[in-house]
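Colleague: Sequence first, predicted model second:
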Amino acid sequence: MSLAALPARFPQQKIHWSGCEDVTAEPVAGAECGWVEVPVDYAAPDKETIKLRV
């Protein structure tokens, strides 16, 4: 499946980056984390989604 087949909300979403202090006990100086929403099943992208930390 290509990105073109996905609803526009997935490839066009913006990641709002912030510090990663809440991700690990030993933060890496300067590291940033954010969230993206993705379909649970790419064959059915209009159904259930999950948020992934990047």
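Modeller: Alright, I've got the coordinates. Residues are numbered from 1 along each chain as shown.
Colleague: which residues are contacting stretch 26-36?
Modeller: 13, 15-21, 23, 51-54 (Cβ atoms under 8 Å, 6 or more residues apart in numbering). C-beta here means a position set from N, CA and C on the backbone, and glycine is covered the same way.
Colleague: Name the member of the residues you listed with the most neighbours.
Modeller: Counting neighbours by other Cβ atoms under 10 Å, C20 leads these with 15 neighbours.
Colleague: can I get the contacts of stretch 26-36 in TSV with secondary structure and pLDDT?
Modeller: Converted to TSV, those look like this (DSSP: H, G, I helix; E, B strand; the rest coil; pLDDT from 0 to 100):
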residue	secondary structure	pLDDT
Q13	coil	93
I15	coil	94
H16	coil	90
W17	coil	93
S18	strand	89
G19	strand	85
C20	coil	83
E21	coil	75
V23	coil	72
K51	strand	94
L52	strand	93
R53	strand	90
V54	coil	89
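Colleague: Let's have those in TSV, adding distance to Y42.
Modeller: Converted to TSV, the contacts of stretch 26-36 look like this (distance: Cβ to Cβ, whole Å):
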residue	distance to Y42
Q13	15
I15	19
H16	23
W17	25
S18	27
G19	30
C20	27
E21	32
V23	25
K51	16
L52	13
R53	19
V54	17
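Colleague: Tell me which two in those are the farthest apart.
Modeller: Pairwise distances across the contacts of stretch 26-36 peak at 23.2 Å for Q13 and E21 (criterion: Cβ to Cβ).
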